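Enquirer: Pasting the sequence and the predicted coordinates here, then a few questions.
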Amino acid sequence: MPLGQADGIWGEKVADWADGRLGVHRLVRERARRAFPDHWSFLLGEICLYSFVILVVTGVYLAFYFHPSMNEVQYNGSYAPLRGRMMSEAFASTLHISFDVRGGLLIRQAHHWAALIFVASILAHMTRVFFTGAFRKPREVNWLFGFLLLVLAMFAGLTGYDLPDDLLSGTGLAVVNGTILSIPVVGTYLSMFLFGGEFPGHDLVARFNTIHVLLIPALMVGLLTAHLALMLYYGHTQYPGRGRTNGNVVGVPAKVRAVKSAGYFLLVTGGVFVIAAVAQINPVWQYGPYLADQVSAGSQPDWYMGVADGLLRVMPGWEVNFWGHTLVLDNLIPLTVGVGFFLALGVYPFIESWVTRDRREQNLLDRPRNRPVRTALGVAWLSFYAVALIGAGNDIIAVRFHVAVESVTWAVRIGLFVVPVVAYSVTKQWALGLQRGDRDKVLHGRETGIIKRMPDGEFVEVHEPLGQEQLHLLTQHEQYRPIDPGTTNGTANPNAVLRLARHLRVRLSEGLYGEGAQIAKPTAQEYQSKKPPPKEVNR
C-alpha cells in the first residue's frame, strides 16, 4: 500500500475515534448549517474580541522585556536626557523597550491603543445591546458577562497604566490611594494590603503586574468564552424585517460569516497598528520616574477612568467628624456615586424583566424609538458619563480656553444634575415623535411630495400606501401595558415589604409603559377603516 494512502487511512481512523468520543465533527457540522444575521452594528462586538487578541499578543511580547520591580537602578540607556538618573527597574525597562528593543515602541503603543479601543468597543457594544433590548430573556446572563468584562477591562487598564512607574501613573495612583483611604473602617487596611505598606510601598509594581498579566486576563478569557458559548447556544438576535420571526434566523451561512470575520480581524489589527505608528501615546520619558514628592502638571487618566476622576475633581471638599473619626466625603461620595452609576447599568435588564413580567424568549431586537423611556434612560446615562469626563479635564479646559478653573468646575457640577434630565426629556420626546410619524405612515401612507388639486379647490398631498414589508416593520413590535394598580389593593398580602415591592413595580410599569411613555400603534381595525389616500389624476 502506498505511504500516502496508509497515512490517509490512519488519519480517518483517528478522526473517527475522536468524533465518536468528543462529537467534534457532529458539533461542527451542526453549527456550520446555522445562519448568522448580518448587520454593521454586530461588528462592535467583534472589535472587542479582536482588540483583546491584539492585547494578548502584544502583552506577551512586552512581558519578555519588562521587569516588574521597584528596585532602584541607574539608567544608562539610549535616552540621553535621563541617562545617569536613579529610577525603578520597571521604569528603566519601559525606556529600554521604547528606545532599544526593535519595534518595542510600536508594540507598546499598539498595546495601549488596543486597550483604549477594547474598552470603547465593549461600551459601544453594550450600548447597542441596551438600546435594542438584546439583553432580554434568555440573554440576561450574557449581559452580566459583558458588564463584568467592562469592569475588568477598566481595572486592567488601571493596573497596566501604573506598571511603568512613571510620574504620571504615580500621580494617578496617589488619587486611587486617597479614594481607598476614604472608605470607612476598612480603607486603611485595604491600602496597606494593596501597596504592601505605606503608599507607595515597594511591591506595588510586582503586585499590579500579577493582577494585570495573570489574574484579569484569565478572568476575561473565561468571560469571553462563556459569552461566545451562550451566544452560539441561544443563537444571535436579529433586527425585525421581512421573514424574520422570534423562531427563525435570517442571515448568511457560517462559512461566509467566518470569512467576513477574518477580514474584520485583519482590518482591526491593521487599524490599531496604523494608529500606533502615527499617534504617540503615553510618552513616559517626558514625565520621568515617579517621585512621591512630585506631581505631574496636567495629569489626565485614560478616558474610561475619566468619570471617576471627574466626580472626584468637582466634589466639594467636605469632611465630617463622626465618633472621633473623619469621614472624607469628597472621596467617599464620588466613590459611592461611581459604583452606583455602573451598578445601575448592570441590573437594568433584571428590573425591566421584573416590571414587564415577560417570561418569553425574545430573539427579535427592538427599534429604539419603540421603547422611548428605555432609550431616554440610556442617553441620560451616557450624558452623565460625558459630563463627568469633561470634569476630569477641568484644568486643561481652563488653560486652553482661558477661563477660571472654578467656572469649569461649577459648570460641571450643575451639568451633572441638569444635562441628564434634559437629555432624558429630549430623547423621550424625539422617540415619541418618531412613533407618531410611524403611526401616520401606517394610517395615511408615505408622503410623495406630489400636490393635487381636488374638485372643490382644496390642495392635498398625494400619499402612497406602504408595502407589506414596511407595514410589518412599523407594526411588528409588541407594546406592553402598565400593571393595573387595582391588583395591589386589598389585604390579600399582609407583608409590608411585598406590598411596597408591588407598589414600586406598578409605579415603574406606569413610568415605562403608561400614558405619555409610548404612542399606541395602529390596530387592525384602524388600518382597515382608514380613509384611502387620494389617487393621482391622469394628465
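Expert: Yes, it's here. Numbers count the residues shown, from 1 in each chain.

Enquirer: The stretch 51-200 of the chain: helices as residue ranges?
Expert: 89-99, 104-132, 140-162, 167-181, 187-195 (DSSP state H, counting those that start in this stretch).

Enquirer: whoops, I mixed them up, the stretch 251-400 of the chain
Expert: 254-278, 284-287, 306-314, 329-356, 372-391, 394-401.

Enquirer: got a markdown table for these, with distance to Asp366 and mean pLDDT too?
Expert: The C-beta positions use only the backbone N, C-alpha and C, and glycine is treated the same way. Listed next are the helices of the stretch 251-400 of the chain as a markdown table, based on distance: least, Cβ to Cβ, whole Å; pLDDT from 0 to 100:
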| stretch | distance to Asp366 | mean pLDDT |
| --- | --- | --- |
| helix 254-278 | 23 | 93 |
| helix 284-287 | 46 | 91 |
| helix 306-314 | 27 | 89 |
| helix 329-356 | 11 | 90 |
| helix 372-391 | 8 | 95 |
| helix 394-401 | 37 | 91 |
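
Enquirer: re the thing from before, I'd like the helices of the stretch 51-200 of the chain written out as TSV, with mean pLDDT and mean neighbour count added.
Expert: Below are the helices of the stretch 51-200 of the chain laid out as TSV (pLDDT from 0 to 100; neighbours: other Cβ atoms under 10 Å):
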stretch	mean pLDDT	mean neighbour count
helix 89-99	94	22
helix 104-132	95	21
helix 140-162	93	20
helix 167-181	84	20
helix 187-195	84	16
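
Enquirer: Out of the ones you listed, which is closest to Ala206?
Expert: Closest to Ala206 of these, according to Cβ to Cβ: helix 89-99, at 8.8 Å.

Enquirer: the inter-axis angle of that closest one versus helix 167-181?
Expert: Angle of helix 89-99 versus helix 167-181, following axes from the mean of the first three to the mean of the last three Cα atoms, to 10 degrees, is 140 degrees.

Enquirer: Give me the angle between helix 89-99 and helix 140-162.
Expert: Going by the same axes, to 10 degrees, helix 89-99 makes 90 degrees with helix 140-162.

Enquirer: And helix 89-99, what does it pack against?
Expert: Packing partners of helix 89-99 (3 or more Cβ pairs under 8 Å, 6 or more residues apart in numbering; DSSP states H and E): strand 72-74, helix 104-132, helix 284-287.

Enquirer: Quick one: distance of that helix to the chain centre.
Expert: Computed by Cα atoms, centre = their mean, to the nearest Å, the separation of helix 89-99 from the middle of its chain amounts to 32 Å.

Enquirer: And for stretch 143-153?
Expert: Worked out by Cα atoms, centre = their mean, stretch 143-153 lies 8 Å from the chain centre.

Enquirer: Residue numbering should commence at 49 henceforth.
Expert: Okay, using 49 as the starting number, the last item reads as stretch 191-201.

Enquirer: Now tell me what touches it from outside.
Expert: If you take Cβ atoms under 8 Å, 6 or more residues apart in numbering as the criterion, stretch 191-201 is touched by 163, 166-167, 170-171, 173-174, 177, 183, 264, 267-268, 271-272, 274-275, 278, 352, 390, 393-394, 397.

Enquirer: Would you mind listing the residues in contact with Thr523?
Expert: Thr523 sits next to 490, 569-570 when contact means Cβ under 8 Å, 6+ apart.

Enquirer: Buried among those residues? Need that as a selection in ChimeraX.
Expert: Entered in ChimeraX, the line below selects the buried ones among the contacts of Thr523, by 16 or more other Cβ atoms under 10 Å:
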select :490,569,570
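
Enquirer: Going by distance to Ala138, which of the contacts of Thr523 wins?
Expert: Checking these against Ala138 by Cβ to Cβ gives Lys569 as the nearest, at 60.8 Å.

Enquirer: I'd like the distance between Pro129 and Arg156.
Expert: Separation of Pro129 from Arg156 (Cβ to Cβ, to the nearest Å): 19 Å.

Enquirer: Mind checking which residue lies nearest the centre of this protein?
Expert: Note on the chain: the residue nearest the mean C-alpha position is Leu171, at 1.5 Å, using Cα atoms, centre = their mean.

Enquirer: That's all I had, so thanks and see you.
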